[in-house]
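Asks: Give the three-dimensional model of this entry:
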Amino acid sequence: MFRFSVRTEYALRGIMALAKAGKSLFIKEIAQGENIPQSFLSKLIQQLSKAGLVDARRGRHGGVRLARPKETISILEVIEACEGPLASPTCLLNHTSSCPRPSACPIHEVWQKAQEGMAKVLSKTKLSDLLC
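Replies: Prediction:
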């Protein structure tokens with residue numbers, strides 16, 4: 001079964017903590033609340049910042065906050081900030097970076113459609129949809 005990395009799990013947990021809070025939080029607060037190593041979370045925040053999903057500011061009045069409203073940030077954006085493009089031609093059978101024989105492989109088209117379907121669901125699902 002296809003699984004996302006721990007990095008992606010932590011990024012999703014961290015960004016959901018920001019969405020729930022609705023305000024700036026310090027990395028230390030997020031790390032403690034979500035049981036994520038602080039140094040690891042700091043690196044994730046940098047990635048999410050580069051992707052335009054969070055704003056991070058240093059200093060006494062700093063912290064991390066969502067860069068956009070939670071209603072506009074999709075789960076797919078968070079995943080792709082960590083994993084790269086989801087709908088890529090990765091081969092499930094050979095575990096290579098791309099399918100060595102896409103025209104002859106009976107699974108290739110099915111996997112491609114499955115990836116596209118998953119990407120569609122994740123792009124439609126916003127952070128705000130996951131809040132209780």
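Asks: So what's the residue count around residue 64?
Replies: Residues near residue 64, counting by other C-beta atoms under 10 Å, number 25. All C-beta spots, glycine's among them, are computed from the backbone N, C-alpha and C.
Asks: Wait, it touches residue 26, no?
Replies: Yes - using C-beta atoms under 8 Å, residue 64 is in contact with residue 26, at 7.3 Å.
Asks: Tell me the confidence at residue 106?
Replies: pLDDT for residue 106: 75.
Asks: which SS class is it?
Replies: For residue 106, the assignment made with DSSP: H, G, I helix; E, B strand; the rest coil gives coil.
Asks: any idea how far residue 43 is from it?
Replies: 40 Å (C-beta to C-beta, to the nearest Å).
Asks: Who has more neighbours out of those two?
Replies: Per other C-beta under 10 Å, whichever of residue 106 and residue 43 has more neighbours is residue 43, with 13 against 7.
Asks: Please confirm that residue 71 is located within a strand.
Replies: No - judged by three-state DSSP, residue 71 forms no part of a strand; its state is coil.
Asks: Contact partners for it?
Replies: By C-beta atoms under 8 Å, 6 or more residues apart in numbering, residue 71 lies in contact with 126-128.
Asks: Restricted to helices, list these.
Replies: Secondary structure assignment by DSSP state H places none of the contacts of residue 71 in helices.
Asks: which of the residues you listed tops the neighbour count?
Replies: residue 127 (24 neighbours).
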